[in-house]
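Asker: Below is the structure, and that's it, no one-letter string:
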């Protein structure tokens, strides 16, 4: 199945630390990378921390049915597996301290709704507003947010060490409330030897109040639409998603759109038309990545779900709205390599450029380039495997193994064009933009841009 999903077009895999042992995580990452190499591909690995477990505990009979108007109690002192028709335990023991009369609690991604009538010590006595079947370990959200659980648990701190050991390309932080949560995760990750980027999962209502600070502290934003939609309400979610994509791109960060994108494909071999529109709209809005969850984790047709998403993305990227941009047209630049990236994309969008060859060390130039919609493929040509895996998440960027220190500038230009020829990306007469640094092999050293015609002297 790994072979099938790689062939279907997967760029990055997410390993969910909520399930499995550290040994299993390490083995899975190694297996993904081995199969990717066998296909001549680079596939990034994103390790997703579990975060605080704001969940109910278990029922003695596995599940219950609640009807509108029933009284039901969330009891922090109830034994772990003793839930019944009247009450259930809490994994998050502090919940009674975070809620009060009049609050609305949403269980199982909002499928059940409880109104808090009163709090008595460890017991939250509720009235069922929207009923249904409730089973073990379902999640709890407070409408409007405001739960005090810290973003990083003790389990997360240990899992960060595992992610570093795995050489994770990205580490995702669940339920961050502030930029400080991201800074703390980065500090722990780097102390453990991690070199990957940090992903902030925006899934708390209160995170929206400081979202610019969270974006600035992160390398990538994940729009985690499940918990976020429950906390802010489903009708508020679409404009928030569009805002988060726009702000991430404006602030030169990558952005992932996630949760229930092709939910029907857990059981079915083709998506619904609504799911097709959802994926396409996220692409047209500028997202870097669209993510599958249960569709590939527990679904019956993982490769078909990825294949469908792949087709939708490619078609959406052909549309005019997806290849035009006025990104940062009126703003100033901070770094020389940033200015080169912007100049390259401006030139590419005003010439019939076939491809962009970015000779890079860290991949920063290709990130800046990918913020500008163009539809022109950007090839991140680098000797560093870590950089090649990192750029798999950037929109329109393709990793290429290429030693930028092996020859002089004229020879490098020829070799870069020859590599694009071998890949079938260009042919004689095509225009190509090459970006590189005078001192090759230096991080952040890109300071030159050259426009060449394939087949002519370089």
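Answerer: Sure thing, it's come through. What you see is a predicted model, and the numbers here were worked out from it, not measured in a lab. Numbering: from 1, shown residues only.
Asker: From here on, just use CA atoms for contacts and neighbour counts.
Answerer: Fine.
Asker: Name the nearest residue to residue 318, ignoring sequence neighbours.
Answerer: Once flanking residues are discounted, residue 318 sits nearest to residue 375: 7.1 Å by C-alpha to C-alpha, 6 or more residues apart in numbering.
Asker: Give me the pLDDT for the one you found.
Answerer: Residue 375 carries a pLDDT value of 86.
Asker: Is it in contact with residue 396, as I believe?
Answerer: Yes. Counting by C-alpha atoms under 8 Å, residue 375 touches residue 396, with 7.2 Å between them.
Asker: need the strands for the stretch 51-200 of the chain, in chain order.
Answerer: Assigned by DSSP state E, counting those that start in this stretch, the stretch 51-200 of the chain shows strands spanning 63-66, 71-75, 87-89, 104-107, 112-120, 123-130, 132-135, 140-142, 170-173, 197-202.
Asker: I meant to write the stretch 251-400 of the chain there.
Answerer: 254-258, 289-290, 353-359, 378-382, 397-401.
Asker: Relative to the third one, what are the paired strands and their orientations?
Answerer: Each strand pairing with strand 353-359, determined using DSSP bridges, is listed with its direction: strand 378-382 (parallel), strand 431-436 (parallel).
Asker: Same check on the second one?
Answerer: As defined by DSSP bridges, the strand partners of strand 289-290 come to strand 254-258 (parallel).
Asker: Report the mean confidence score over the strand it pairs with.
Answerer: On average, strand 254-258 scores 98.
Asker: for this protein, what are the low-confidence residue spans?
Answerer: Counting by pLDDT under 70, the low-confidence segments of the chain come to 322-331, 407, 438-444, 457-458.
Asker: In the protein, spot the helix with the most residues.
Answerer: Determined from DSSP state H, the single longest helix within the chain is helix 22-38.
Asker: separation between the residue sitting nearest the centre point of the chain and residue 68?
Answerer: Nearest to the geometric centre of the chain sits residue 256, at 3.8 Å (C-alpha atoms, centre = their mean). If you measure residue 256 against residue 68 using C-alpha to C-alpha, to the nearest Å, the figure is 37 Å.
Asker: How about residue 182?
Answerer: Distance, residue 182 to residue 68, by C-alpha to C-alpha: 40 Å.
Asker: who's more crowded, the two?
Answerer: Between residue 182 and residue 68, counted using other C-alpha atoms under 10 Å, residue 182 has the larger neighbour count: 27 against 14.
Asker: I figured residue 427 hits residue 417, correct?
Answerer: No. Residue 427 lies out of contact with residue 417 (C-alpha under 8 Å); the separation is 9.3 Å.
Asker: Mutual contacts of those two, please.
Answerer: Contact with both residue 427 and residue 417 is made by residues residue 454, according to C-alpha atoms under 8 Å, 6 or more residues apart in numbering.
Asker: Quick one: the helices in the stretch 201-350 of the chain, in order.
Answerer: Ranges of helices within the stretch 201-350 of the chain are 211-217, 225-232, 237-250, 273-285, 294-297, 302-316, 320-323, 336-350, based on DSSP state H, counting those that start in this stretch.
Asker: Same list, these, but as JSON lines with mean neighbour count and distance to residue 44 please.
Answerer: Shown next, in JSON lines, are those (neighbours: other C-alpha atoms under 10 Å; distance: least, C-alpha to C-alpha, whole Å):
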{"stretch": "helix 211-217", "mean neighbour count": "20", "distance to residue 44": "21"}
{"stretch": "helix 225-232", "mean neighbour count": "24", "distance to residue 44": "22"}
{"stretch": "helix 237-250", "mean neighbour count": "18", "distance to residue 44": "20"}
{"stretch": "helix 273-285", "mean neighbour count": "18", "distance to residue 44": "20"}
{"stretch": "helix 294-297", "mean neighbour count": "19", "distance to residue 44": "16"}
{"stretch": "helix 302-316", "mean neighbour count": "19", "distance to residue 44": "15"}
{"stretch": "helix 320-323", "mean neighbour count": "16", "distance to residue 44": "24"}
{"stretch": "helix 336-350", "mean neighbour count": "19", "distance to residue 44": "23"}
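Asker: right, and residue 132 touches residue 112 too?
Answerer: Yes. Contact criterion C-alpha under 8 Å: residue 132 and residue 112 qualify, at 6.2 Å.
Asker: In terms of packing, which of these two has more residues around it?
Answerer: A direct count of neighbours by other C-alpha under 10 Å for residue 132 and residue 112 places residue 112 higher, at 20 against 14.
Asker: Look up the residues forming beta bridges with that one.
Answerer: What pairs with residue 112, by the bridge criterion (DSSP bridges), is residue 107.
Asker: How much space separates it from residue 126?
Answerer: From residue 112 across to residue 126, the span is 12 Å (C-alpha to C-alpha).
Asker: Could you do residue 430 as well?
Answerer: 68 Å.
Asker: same thing with residue 66?
Answerer: Here residue 66 is placed at a distance of 12 Å from residue 126 (C-alpha to C-alpha).
Asker: Neighbour count for the two, which is higher?
Answerer: Neighbour totals were compared for residue 66 and residue 126, and residue 126 leads with 25 against 19 (other C-alpha under 10 Å).
Asker: Contacts only, for that one.
Answerer: Each residue near residue 126 by C-alpha under 8 Å, 6+ apart is listed here: 71-74, 114-118.
Asker: coming back round to it: what's the most buried one of the strands of the stretch 51-200 of the chain?
Answerer: Across these, the average number of neighbours (mean count of other C-alpha atoms under 10 Å) peaks for strand 170-173, which reaches a mean of 28.
Asker: mind listing what it pairs with, with the direction of each?
Answerer: Looking at strand 170-173 with DSSP bridges, its partner strands are strand 44-48 (parallel), strand 197-202 (parallel).
Asker: Take those and lay them out in CSV including distance to residue 85.
Answerer: Putting those into CSV (distance: least, C-alpha to C-alpha, whole Å) gives the following:
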stretch, distance to residue 85
strand 44-48, 34
strand 197-202, 34
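Asker: who wins for proximity to residue 286 among those?
Answerer: Residue 286 lies closest to strand 197-202 among the strands paired with strand 170-173, at 17.0 Å (C-alpha to C-alpha).
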